[in-house]
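Trainee: 3D, please:
(one chain, ligands or ions: 2)
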Amino acid sequence: MVDANEIERAKDHFGKILEEQLKRVQAMKEDQGWTDYAKLDTIIIGVCGGDGIGPYISRSAQNVLESLLADEIKSGKVEIRQIDGLTIENRVKAMKAIPDDVLAELKKCHVILKGPTTTPKKGDPWPNIESANVAMRRELDLFANVRPVKVPEIGVDWVFFRENTEGSYVLGSQGVNVNDDLAIDFCVATTQGTERLIRLAFEHARKNGIDKVSIVTKANVVKTTDGKFLSIAAEVAKDYPEIKWDDWFIDIMTAKLIDPYRRKEFRVIALPNLYGDILTDEAAQIQGGVGTAGSANIGKRYAMFEAIHGSAPRMVEEGRAQYADPSSMIKAAAMLLGHIGTWTRARSWRWPSRSAPSMRRPRS
Ligand code: IPM
Ligand code: MG
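Mentor: Ligands and ions are numbered 1, 2, ... in the order given. Sure, this is the predicted structure:
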């Protein structure tokens, strides 16, 4: 029998979600533009060690930053600030993905270097609180997760632009158990959220002389949200006539990343959140493993840089945390340098967002 109360409860919940998401759309429409790091008296870089191997590999990356930015730190142009408290113990104590005091400290920084944090799931020794990564991306509106993967010997030179504040992630902790038998999750795509991500991907291609952007969805099945992603991509592409673009479904794309001929054609790849999560682990594996891959989480006001992998609790249990490979975090630090405009120090990573375009008026 259908229980009308159960349905009403679920509808209430859905109604609240719609209100929140429409407010988010409004905020995106009122968006203020990009931070200009050159205009700041002091650029504050917050460093959060995180959990597990996080504090070890973050320390190595911080050493690199301190050494490369020694002049700027001395002159006061850059401050590196330790942000404590983003640990699983603290998060569980506050029963929050990011405790309020930590979030307040993070918001006083301009950019953040973040070590991996434990993400609990049902059945873990920790309560099943929301991921700190997901919460930080949402709270600081870090809409583009940029993940480069490069293996010159086999002709691989990819930059993934993973949508970072929508898709199946944004409400991943807010699904409903309508009753014991029926669970529903939500997947979100907005015009503004999709457009800003795709535009950033095309801008990256243009500024770096790359003539190809690939869009990845499952729009043949997930027709509403992925369908929107793809149709917005087609619109945005019209503003970049010099760039070829194509679209792939996520299933065949996972295969093509290991096709030695086809994969050489991919350069900039833009895709929704969950597909981006999965495909970038595969891509990183081709580069030598997730431990080799760094990433940038870019928003207009804030930006956060991190490894693409987790906190490796097994290494800690086995007493090997101090030997964890810090390459991923050092790469993240290089992307941070590029982002704040210390180009020569970042060398290999040219980053476009300081002159990123203002977003077009939303289509009516
Ligand atoms: C990543 C990670 C995170 C994600 C986890 C830790 C929540 O896998 O950054 O790719 O799924 O985004
Ligand atoms: Mg991942």
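Trainee: now stretch 288-299, how far from the centre of its chain.
Mentor: 9 Å (C-alpha atoms, centre = their mean, to the nearest Å).
Trainee: can you pull the buried residues of that stretch?
Mentor: 290-299 (16 or more other C-beta atoms under 10 Å). C-betas here are computed from N, CA, C, even on glycine.
Trainee: same thing with stretch 132-148?
Mentor: Buried residues in stretch 132-148, counted by 16+ other C-beta under 10 Å: 132-148.
Trainee: Please name the nearest non-neighbouring residue to residue 300.
Mentor: Leaving aside its sequence neighbours, residue 300 sits nearest to residue 34 (C-beta to C-beta, 6 or more residues apart in numbering; 4.9 Å).
Trainee: Now for that neighbour, how many residues are close by?
Mentor: Neighbours of residue 34 under the rule other C-beta atoms under 10 Å: 17.
Trainee: for it, phi and psi?
Mentor: With angles defined as degrees, to the nearest 10, residue 34 sits at phi -80, psi 150.
Trainee: Point me to the residue of the protein nearest ligand 1.
Mentor: residue 131 (3.9 Å; C-beta to the nearest ligand atom).
Trainee: can you pull the contacts of that residue?
Mentor: Applying C-beta atoms under 8 Å, 6 or more residues apart in numbering, one finds that residue 131 lies in contact with 97, 117, 119, 172-173.
Trainee: Make a PyMOL selection of the buried ones in the residues you listed.
Mentor: Per 16+ other C-beta under 10 Å, the buried members of the contacts of residue 131 correspond to this PyMOL selection:
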select buried, resi 97+117+119+172
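Trainee: could you dump the contacts of residue 131 to CSV with secondary structure?
Mentor: Formatted as CSV, these follow (DSSP: H, G, I helix; E, B strand; the rest coil):
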residue, secondary structure
97, coil
117, coil
119, coil
172, coil
173, coil
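Trainee: Buried residues, stretch 319-329. List them.
Mentor: 321, 324-329.
Trainee: average pLDDT across stretch 299-312?
Mentor: Across stretch 299-312, pLDDT averages out at 96.
Trainee: buried stuff in stretch 68-83?
Mentor: 68-69, 72-73, 77-78, 80, 83.
Trainee: Up against ligand 1, what does the stretch 101-250 of the chain have?
Mentor: 119, 131, 133-134 (C-beta under 6 Å from any ligand atom).
Trainee: Please apply the same query to the stretch 251-364 of the chain.
Mentor: Counting by C-beta under 6 Å from any ligand atom, the residues of the stretch 251-364 of the chain close to ligand 1 are 277, 308, 310.
Trainee: wait, the second one sits on residue 283?
Mentor: No - taking contacts as C-beta atoms under 8 Å, residue 308 lies outside contact range of residue 283: 9.3 Å.
Trainee: between the residues of the stretch 251-364 of the chain next to ligand 1, which is nearest residue 153?
Mentor: Each of these was scored against residue 153 by C-beta to C-beta, and residue 308 proved nearest at 21.1 Å.
Trainee: top of the residues of the stretch 251-364 of the chain next to ligand 1 by neighbour count?
Mentor: Greatest neighbour count in those, by other C-beta under 10 Å, goes to residue 308: 24 neighbours.
Trainee: Enumerate every residue touching the closest residue to it other than its chain neighbours.
Mentor: Of all residues not flanking residue 308 in the chain, residue 293 sits nearest, at 4.5 Å (C-beta to C-beta, 6+ apart). By C-beta under 8 Å, 6+ apart, residue 293 lies in contact with 147-149, 280, 283-284, 287, 307-309, 328, 331.
Trainee: mind running it again at 6 Å?
Mentor: Residues in contact with residue 293 (C-beta atoms under 6 Å, 6 or more residues apart in numbering) are 284, 308, 328.
Trainee: Find the nearest non-adjacent residue to the last one, please.
Mentor: Read it as residue 328. Going by C-beta to C-beta, 6+ apart, residue 328 has residue 307 as its nearest residue, at 3.5 Å.
Trainee: which stretches of the stretch 51-200 of the chain have low pLDDT?
Mentor: By pLDDT under 70, the stretch 51-200 of the chain has no low-scoring segment.
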